[in-house]
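1. A predicted structure for the sequence below; I have some questions about it.
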Amino acid sequence: MKSIFFLLMRRLRAPLLLLVTMLSLATLGLVLIPGEDAQGNVWHMDFFHAIYFVSYMATTIGFGEIPFEFTPAQRMWVTFCIYLTVGSWLFAFGRILTLFQEDALKQAFTEARFQKNVNRIRDPFYIICGYGDTGSALVQALNEQHQRAVVLDRTQEAINGLRLASLTTFVPGLACEAGLPENLRKAGLERPNCRGVVALTDDDETNLHIAISTKLLNPRLTVICRAETRETERNMHSFGTDYVIDPFEAFADRLFTALHTPNLSALHDWLSGLNPLTEPLNPPHGRWLLCGYGRFGKALYKRFRQEGIETVVIEATPDKTGLPEDARSTVEGWGTEAPTLEKAGIRQAAGIVAGTDHDTNNLSMLMTARDLKPDLFMVARQNREANTALFRAINADIVAEGSQTLAHRIRIILNTPLLKEFIRYSRGRDDSWARNLNRELAREIGSAPPRTWEVEVCEETAPVLVEAMHRNTTITVDTLLTHPFDDTRPMVCRALFLEREHEHIPLPRGHEQLKVGDRVLFCGPEISEERMRSLLFDRLSLDYVTRGQQASPA
Amino acid sequence: MHPEKVIFAFFIVLALTLNFGFFIGEHDDPAHHNVYELFAAIVINLIATILKLGERTQVGAVLLATSLVAVLQLLIAALVWGIAAHVSEAGLTPEATTAIVSLAGGAMLANFISVTLLVIDTVRFNR
């Protein structure tokens, strides 16, 4: 893009040359043509006055004839010069102004500014490609955790939206084709503090391109991609894309977890910062109506069938979407109309999922369904962030927003991979386990969404801790959970997961001894994280804590 | 033969020769230094500078830099002349003339570098 500057300079040549030639010609003429002074003697204008005169003549300022009145010969020359210089001056001025207003130049300036802003970021950052609903939710979620981000989007409107978003840190954004390696490079792909790239555009092809460019140009980066089809997903995995997320699968997964194991779902939502920790509603058992058999509907239907839940699919355009093999449980028609819902057996149903990709239809379905059977358990799929107020007003039992789900899932992968491990582990447990844990956590930490953070016991991230271990001081999980200045006060914090080489220890006990190389996941309020960090970096704090520990058994 | 190259070289060499013509002579004698020659040197140097705008090569960048130096020196020389002749009481004294001529001498050195670079570049290109 630098070439635009050289091109501009070249285009400046002609107007500038014209200007210099005309002005010097006019000046020279004035100096050479003899004039008369006040007494009628022959007088030659000097260069100083000639330049002075030409300057105000060419710019049409026109102060008059100085220092003496001009002779007819001089006036003839000046008349000629006026048309010559004023014309070329206006022409040159106009040309230069248009050159500087050229879109290519403006774009070059915007890009240069963007690149400067990216280079100025000193903290670790992520490149987010695609600033739609999911992208903006992800930037917001990263921002809440004080993480830096850089945004690329195809449209200028999206970047304008980014400018208006209320973020506490500055997020540089550029409107450009994110799939081009050149643009990824501008966004800081090769900078040492770039941590990863998230490809969230709505085009699989672009996402694929971003993933492969990143893996080739900087293989050390974490790459997370959105993929809507199986083929793209497989393709992305084939060259080592770290995480591929199918938005419909992810969304169906979350909704199904909320319906099938509500306590577990509440735990996940709380840990990922989506919702406060509350006793979840218990969805009823029985027949479920599933409106919409698109990609999301299919993903959800598969899960319902696996659990053996009786499901009736309502689909308006089965020729486009296809239908499940079990034709008995299918109703053709709009779920927004009462006859269709009656036909699907709404009177005997326990719940309804309004799961089309059209928000207005989903709202309409729920309103019709409520008229027919007011005590129906209602689940709404919200597609657009802009419709939040409407979905709040309809008061469904569960409202699931796709982009938020996706954004928080990605944020967890980027920031706290151990939390992902913990969630995977928790899926293997039953709902009553989750209920007990939720009650414990709500009592200890409170119901507001906590911060989750990882501590890696290594030279870089916990120098003081490692040093103490080399001196044979016993460091346990409890050591880290002690208040660094006053051990009579409790630390509001909980250890959730411990990873040691390939061994996973969920919910580690307090006396679990830590070793170098361990990674521990904690959750708690922000102040606890800061206190814990002082134990990792401040020798005095750690000495205080370990001395207290040694004194207590004696 | 490329007509653009001819014009380019013509102006660069002319900038040096005019500059030299003005510079030569007793350094404090105004009679040896023609004001028209200074004017011509400035105009030709300006044109040479404009012609060098937008060259992408390393040599092009250095050529532009030397030209800018020459123009700057010559403009200051002209300014000194103007002040001496019209503003100050003393007029164009030998001291003022020395200052003007030495400034023009500096500009000539810059122009000389310019021409040398041009020659080196041409020779290297033809090999």
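-> Okay, I see it. Residues are numbered from 1 along each chain as shown, chains lettered A, B, ... in the order given.

2. Report pLDDT for the residue of chain B found nearest chain A.
-> In chain B, the residue that lies nearest chain A is residue B:54 (3.2 Å; Cβ to the nearest Cβ). Every residue, glycine included, has its C-beta placed from N, CA and C. According to the per-residue confidence, residue B:54 scores 82 in pLDDT.

3. Helix, strand, or coil at it?
-> Secondary structure assignment for residue B:54 (DSSP: H, G, I helix; E, B strand; the rest coil): coil.

4. That one contacts residue A:14, correct?
-> No: in this structure, residue B:54 is not within contact of residue A:14 by Cβ atoms under 8 Å, at 11.2 Å.

5. out of those two, which sits in the more crowded spot?
-> Between residue B:54 and residue A:14, counted using other Cβ atoms under 10 Å in any protein chain shown, the more crowded position is residue B:54 (17 against 13).

6. for that one, what are its contacts?
-> Taking Cβ atoms under 8 Å, 6 or more residues apart in numbering or on different chains as the criterion, residue B:54 is in contact with A:6, A:7, A:8, A:9, A:10, A:11, A:12, A:13.

7. The residue in the stretch 151-300 of chain A positioned nearest to chain B - how many residues pack around it?
-> Distances between the stretch 151-300 of chain A and chain B by Cβ to the nearest Cβ are smallest at residue A:182, namely 18.4 Å. Residues within reach of residue A:182, counting by other Cβ under 10 Å, total 12.

8. where's it, which helix or strand?
-> According to DSSP states H and E, residue A:182 maps onto helix A:181-186.

9. got the buried residues for that helix?
-> Of the residues in helix A:181-186, those with enough neighbours to count as buried (16 or more other Cβ atoms under 10 Å in any protein chain shown) are A:183, A:184, A:186.

10. Name the residues of the lengthiest helix in chain A that come out as buried.
-> Across chain A, the helix with the greatest residue count (assigned by DSSP state H) is helix A:3-32. Neighbour-count burial for helix A:3-32, with 16+ other Cβ under 10 Å as criterion, is recorded at A:4, A:7-9, A:11-12, A:15-31.

11. Give me the residues contacting the helix holding residue A:182.
-> Outside of helix A:181-186, the residues within contact range by Cβ under 8 Å, 6+ apart are A:111, A:114-115, A:118, A:127, A:129, A:152, A:174, A:176-178, A:189, A:197, A:210, A:213-214, A:217.

12. redo that, cut-off 10 Å
-> Surrounding helix A:181-186, the residues in contact under the criterion Cβ atoms under 10 Å, 6 or more residues apart in numbering or on different chains are A:1, A:111-112, A:114-115, A:118-119, A:127, A:129, A:150, A:152, A:172, A:174-178, A:180, A:189-191, A:194, A:197, A:199, A:209-210, A:212-214, A:216-218.

13. which of the residues you listed count as buried?
-> In those, burial by neighbour count holds for A:111, A:114-115, A:118, A:127, A:129, A:150, A:152, A:172, A:174-176, A:178, A:189, A:191, A:194, A:197, A:199, A:209-210, A:212-214, A:218, counting by 16+ other Cβ under 10 Å.

14. out of those residues, which touch chain B?
-> With Cβ under 10 Å from any Cβ of the partner chain as the criterion, the subset of the buried ones among the contacts of helix A:181-186 in contact with chain B is empty.

15. Those residues in helices, which ones?
-> Counting by DSSP H, the part of the buried ones among the contacts of helix A:181-186 found in helices is A:111, A:114, A:115, A:118, A:209, A:210, A:212, A:213, A:214.

16. Spatially, what comes nearest to the second one if we skip its sequence neighbours?
-> With Cβ to Cβ, 6 or more residues apart in numbering or on different chains as the measure, residue A:174 is the residue that lies nearest to residue A:114, at 4.5 Å, once sequence neighbours are left out.

17. so who does that neighbour touch?
-> Counting by Cβ under 10 Å, 6+ apart, residue A:174 makes contact with A:107, A:110-111, A:113-115, A:117-118, A:150-153, A:156, A:159, A:162, A:183, A:186-187.

18. Enumerate every residue touching residue 4.
-> Picked chain A for this. Contacts of residue A:4 were listed using Cβ under 10 Å, 6+ apart, and they are A:102, A:104, A:105, A:106, A:107, A:108, A:109, A:111.

19. not quite, I wanted chain B
-> Taking Cβ under 10 Å, 6+ apart as the criterion, residue B:4 is in contact with residue B:51.

20. Would you mind pointing out the helix or strand it falls in?
-> Under the assignment given by DSSP H and E, the secondary-structure element containing residue B:4 is helix B:3-23.

21. Great, nothing more from me.
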